[in-house]
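Trainee: compute the structure for the input listed below.
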Amino acid sequence: MKKYLWGLSLFLLALLSCRTDEESLQNIDQIITFYMKNAAGQDLLNPTAVGSYSNITMNDVFGETDNSPVTFSSPAMQADSTYSIQYTAGATRRLLSSDANDNRIYHSQIALKMSQKINDTAFAEVRDTMEIQYRWSPTLFEVSKVLYNKNEVFNKTPTSGNTFTITK
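Mentor: Okay, the predicted model is just below:
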């Protein structure tokens, strides 16, 4: 009977030592919200304004097919009457670098296709690219940097959120 209790005690101890607590979970922060404006400050996501963009599509450059859409919101009006887009997920991530402490940098590339309103009846097609870089560690996965047409438009700091403005 002593051997049985001893064995059961070892089994329970092993079982309890294998469980995880909430502190060991990885925190994921990958959603970005962005605004677009021109040098004069005009909101370029306002669908009714001349010079603004509409019919926006976003495709994963690293996707398995030529048409690999990613998940994003259509331009939505905010409380201050400006429009923003929220990218949530879907683009393939590729490893850029890693170090001996198991910290990694991944990146995704997204192709944007938009119609720019020239006047009430004419539109021009615009094609841009966005690169999103992510910082990965065993406890954290977060957006760290965003480049738009190869220009840095966002660089995460400890106090920043994931909201930024692209000036075109």
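Trainee: tell me, how many residues neighbour the closest residue to residue 133 other than its chain neighbours?
Mentor: Counting by Cβ to Cβ, 6 or more residues apart in numbering, residue 133 lies nearest to residue 145, which is 4.2 Å off, once chain neighbours are set aside. Just so you know, the C-beta spots here come from the backbone N, C-alpha and C atoms, and that holds for glycine as well. Residues within reach of residue 145, counting by other Cβ atoms under 10 Å, total 16.
Trainee: state the helix or strand in which residue 145 lies.
Mentor: Element membership of residue 145 [criterion: DSSP states H and E] is strand 140-148.
Trainee: cool, and residue 129?
Mentor: Assigned by DSSP H and E, residue 129 falls in strand 123-137.
Trainee: can you list the strands that that strand pairs with?
Mentor: Strand 123-137 pairs in its sheet with strand 104-117 (antiparallel), strand 140-148 (antiparallel), by DSSP bridges.
Trainee: so what's residue 37 bridging to?
Mentor: residue 43, residue 167.
Trainee: that one: how many residues sit nearby?
Mentor: What residue 37 shows, counting by other Cβ under 10 Å, is a neighbour count of 18.
Trainee: quick one: residues contacting it.
Mentor: Neighbour list for residue 37: 43, 44, 165, 166, 167, 168 [criterion: Cβ atoms under 8 Å, 6 or more residues apart in numbering].
Trainee: how close does it get to residue 43?
Mentor: 6 Å (Cβ to Cβ, to the nearest Å).
Trainee: just residue 77 next, same as before
Mentor: Taken as Cβ to Cβ, the span from residue 77 to residue 43 is 10 Å.
Trainee: now the common contact residues for the two.
Mentor: residue 83.
Trainee: what secondary structure does residue 158 sit in?
Mentor: coil (DSSP: H, G, I helix; E, B strand; the rest coil).
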